[in-house]
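Predicted model and sequence below, questions to follow.
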Amino acid sequence: MPILYNEQTRILKLDAGDSTYAMHISDAGYLFHIYYGGHISDTDLEHLEIHGGGASFSPSPADAPHLSLDTALQEYPTAGTGDFRRPCLGVMEENGASGARLQYVSHDILQGQKPALQGLPATYLNAPGEADTLAIHMEDKHLGLRVTLYYCVFTQSSVITRWAVLENGGAQDLELRSALSACVEFCESDFDMISLRGAWCRERSVERHPLFHGATALESRRGSTGHQLNSFAILCEKGATEDYGQAYGFQLVYSGNFLLEAEVSQMNSTRVSIGVNPYDFGWQLKPGDAFTTPEAVLTYSNEGLGGISRTLHRLYRKNLCRGEWRDKPRPILINNWEATFFKFNAEKLVAIAREAAKADIDMLVMDDGWFGQRYDDHRALGDWVLNEEKMGCSLGELVERVKAEGLRFGIWFEPEMISPDSDLYRAHPDWALHIPGRSLTLGRDQSVLNLTLPEVRAYLIDSIGKVLESAEISYVKWDFNRNLTEVFSAALPAAQSREVWHRYVLGLYEIMEALVQRFPHILFESCSGGGGRFDPAMLYYMPQTWCSDNTDAADRLKIQYGTSFCFPVVTMGAHVAVCHNGREIPLRFRAAVAMAGSFGYELDLTKLPPEQIAEMKEMNADFRAWQSVIDTGDFYRLRSPFEGEETAWMFVSEDKSEALVQYFRTRVTGNSWATRLTLRGLAPEALYSFKGKQLRGDTLMRGGLVLGGRNDFAHHEIWLQRVPE
Ligand code: DGJ
């Protein structure tokens, strides 16, 4: 039973994998947090509760004069009634008064079930045994507001997911000013925080720092997740490493403005708050209306940071990604973007496909530039009709010609955008997000469509659907290349203007859901100027994301290493490109880096000598032999590119019978030693064979392998196979 309720003590205890989470319903109906950490067996946990009584200068509720909500550890704190830290809930009444106080009403334990989140992507169960869900019903009688807090407790993995549903059961209109998904309290603050920061072409660098008093906020105010900060963080004990120590992971299943904040209080406790960013947020809740927050994922590991990553990888691969491509080997593809940019026609694409066939590449993806007057990036977004004059044939003919070369066909869209110089804009200028009387703020000469309008959503589903139906399309790359401005919709009353940010995201989810349902055979990949919208919510619709526009293999080591903190390797689009940044990197090294991802190419194959095409054919054969371990194995980070010139990681199949080790050295320094790389995750007693040798798992994990390289860009790939005994 992963969810236990002790009626005497009124303690709810949740056991998720190796973790326990506990809370207490006080006599006055407050829901206090007691514990989150490694699994504990006792259910009598009263002695763990800390709420320290009243605190000076922090007022106490009338019904609990010895209690300070400002210092208590709570499950879903509210604003305006005595807790001055970050609230989960902020509500305004019709008369402008703000304040809420929630009290426990009842709870239900939903065995083997996980309710869906209205209009939102979320993790799901494959079988009832995977999880139970706790629904705690709270209410604010004065407001008539009912709040249900959901905790989905996974039995076999250390995952609890949380969300809330807020319903106006009263008679007056309410305005939500903050409606976070969850907060998690810790009675201590001696943590390091690890987050993923970045910029375009520098996505998801790993940053680690101690917490300090006050708040550290990771957030987006851009309308999408963004390159700058991911909606993911780890809080870990100070000495935690990849393999040792306690760590907690937090991530939001959402693609818009988010907040993930760690706030250290005057009592040295830490509150982690996670949800839709309250920045410029508002939501009108009329009597009878309900609002569902996005899902927050909480993970625990007593095996360091790597444990958090492996738990999330499994969760996202098996309980978030959907559809037939979830478990199928992804095709090796060639994308024409870096090969041609906008200068291509059918002839050029077919010529690339011809070379690709020689290298055993599976699919050709036609990137930006095939539609309307899209001869450059200044125009035509929204005009989703093939430019036959430029291409020299119809889409159907092009696809058939590529197929005749032996490749399947994929296509690029940037659905959410509209260029002022487009037929779509000339017909519907009011479809762009805009403020009447103000000029548009453009990015890459484009504006964003107002996805809160049903007619815009219908247009996109229809126009994209027509293209996808018109030919045998096997793959779609869904791009998004600017952030939101003029976030306003004249169709909504002024009181609802702050809803546009969230309604945009809901509109996007509706469109994607319609298209992925209608075209279940298509493999969808999301993209946002590289990896600017790499979040779990997008993975619910599209099981892979283009990791970065930076295809330099040396830089990619960092980008993919950082991305692996929360996202499975199979979800990271990674391509072999020509050498960038003035450095010559051997083809095999570039390919090895891209193989630690959803593998492909992005260069002009017609310009390569036959020997390189032949080498690619060999590399592709290697990749296919390793692909199932890369895609579905457990991932262990062994050396960090953020700490030196070496990067190493390995993949181990679930049954530990196969493993792939990848070691990269980007630079050799004078008088440097070889490296002894100790492996992880193998069966200690098992015998593994590799490169003509046989060694046991314990030797490989304790003694390791001596690797090195006398030149820059040296790398090793070691394929280990268990020897039957
Ligand atoms: C940004 C993407 O990240 C690139 O891969 C490419 O598709 C361009 N957009 C096309 O405009």
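Yep, that arrived. Numbering: from 1, shown residues only.

Over to Y509. Which of the three states is it?
helix (DSSP: H, G, I helix; E, B strand; the rest coil).

which non-adjacent residue is nearest F191?
Spatial nearest neighbour of F191, excluding adjacent residues (CB to CB, 6 or more residues apart in numbering): L235 at 4.4 Å. Every residue, glycine included, has its C-beta placed from N, CA and C.

tell me the centre residue of the protein?
D535 (2.3 Å; CA atoms, centre = their mean).

That one contacts G256, doesn't it?
No: using CB atoms under 8 Å, D535 is not in contact with G256, being 9.4 Å away.

what is in contact with those two at once?
Common neighbours of D535 and G256, using CB atoms under 8 Å, 6 or more residues apart in numbering, are T225.

can you tell me which residues contact the closest residue to G562 other than its chain neighbours?
Among residues not flanking G562 along the chain, R204 sits closest, at 3.6 Å (CB to CB, 6+ apart). Shown in contact with R204 (CB under 8 Å, 6+ apart): L196, R197, G198, N230, G531, F534, I559, G562, T563, F565.

Closest one of those to the ligand?
Closest approach between these and the ligand, by CB to the nearest ligand atom: G531, at 8.3 Å.

Any chance of the backbone angles for the closest one?
With angles defined as degrees, to the nearest 10, G531 shows backbone torsions of phi -100, psi 40.

measure it to P436 for me?
35 Å (CB to CB, to the nearest Å).

before we move on, what about L229?
From L229 over to P436 (counting by CB to CB), the distance is 32 Å.

More neighbours: which of these two?
Neighbour count, other CB atoms under 10 Å: between L229 and P436, L229 has more, with 21 against 8.

what is that one paired to in the beta sheet?
R197 (DSSP bridges).

now swap in A215 and tell me
Residues in a beta bridge with A215, per DSSP bridges, are E263.

Could you pull up the residues touching it?
A215 neighbours (CB under 8 Å, 6+ apart): R86, E261, A262, E263, V264.

Quick check: the spatially closest residue to the last one that is not a sequence neighbour vs Y5, distance?
Taking CB to CB, 6+ apart, and ignoring the residues beside it in sequence, V264 has S189 as its nearest neighbour in space, at 4.3 Å. Distance from S189 to Y5, counting by CB to CB: 30 Å.

More neighbours: which of those two?
Neighbour count, other CB under 10 Å: between S189 and Y5, S189 has more, with 19 against 15.

separation between the more buried one and the ligand?
39 Å (CB to the nearest ligand atom, to the nearest Å).

now do G90
In terms of CB to the nearest ligand atom, G90 sits 37 Å off from the ligand.

Surely that residue is in contact with T81?
No: with contact defined as CB under 8 Å, G90 does not count as touching T81 (10.8 Å).

who touches both of the two?
With CB under 8 Å, 6+ apart, G90 and T81 have common neighbours A100.

Give me the more crowded residue out of these two.
Legend: neighbour count by other CB under 10 Å for G90 and T81, higher for G90 (20 against 16).

Does M572 touch Y561 like I think?
No: look at M572 against Y561 with CB under 8 Å: they stay out of range, at 10.6 Å.

of the two, who's got more company?
It is M572, of M572 and Y561, that has more neighbours when counted by other CB under 10 Å, with 25 against 21.

what's that one in contact with, if anything?
Q544, T545, C547, Q560, T563, S564, A596, G597, S598.

Now S474. Nearest residue, chain neighbours left out?
R408 (4.1 Å).

For the one you found, give its distance to F589.
Relative to F589, and taking CB to CB, R408 is found at 28 Å.

same check, this time on H313
25 Å.

beta partners for the residue nearest to S474?
Per DSSP bridges, the residues bridged to R408 are M363.

The residue nearest to F191 is in contact with A247, isn't it?
Yes: if you go by CB under 8 Å, L235 and A247 touch, sitting 7.1 Å apart.

Count the neighbours of A290 for me.
A290 has 13 nearby residues by other CB under 10 Å.

In a strand, G410, correct?
Yes: assessed by three-state DSSP, G410 belongs to a strand.

Go ahead and confirm it touches D362.
No: between G410 and D362 there is no contact under CB under 8 Å: 10.0 Å.

Quick one: residues contacting the closest residue to W283 other than its chain neighbours.
Spatial nearest neighbour of W283, excluding adjacent residues (CB to CB, 6+ apart): L176 at 4.2 Å. Applying CB under 8 Å, 6+ apart to L176 gives the contacts L89, G90, V91, L166, F281, G282, W283, L285, F291.

Rebuild these as CSV, extending it with secondary structure and pLDDT.
Shown next, in CSV, are those (DSSP: H, G, I helix; E, B strand; the rest coil; pLDDT from 0 to 100):
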residue, secondary structure, pLDDT
L89, strand, 98
G90, strand, 98
V91, strand, 98
L166, strand, 98
F281, coil, 98
G282, coil, 98
W283, strand, 98
L285, strand, 98
F291, strand, 98
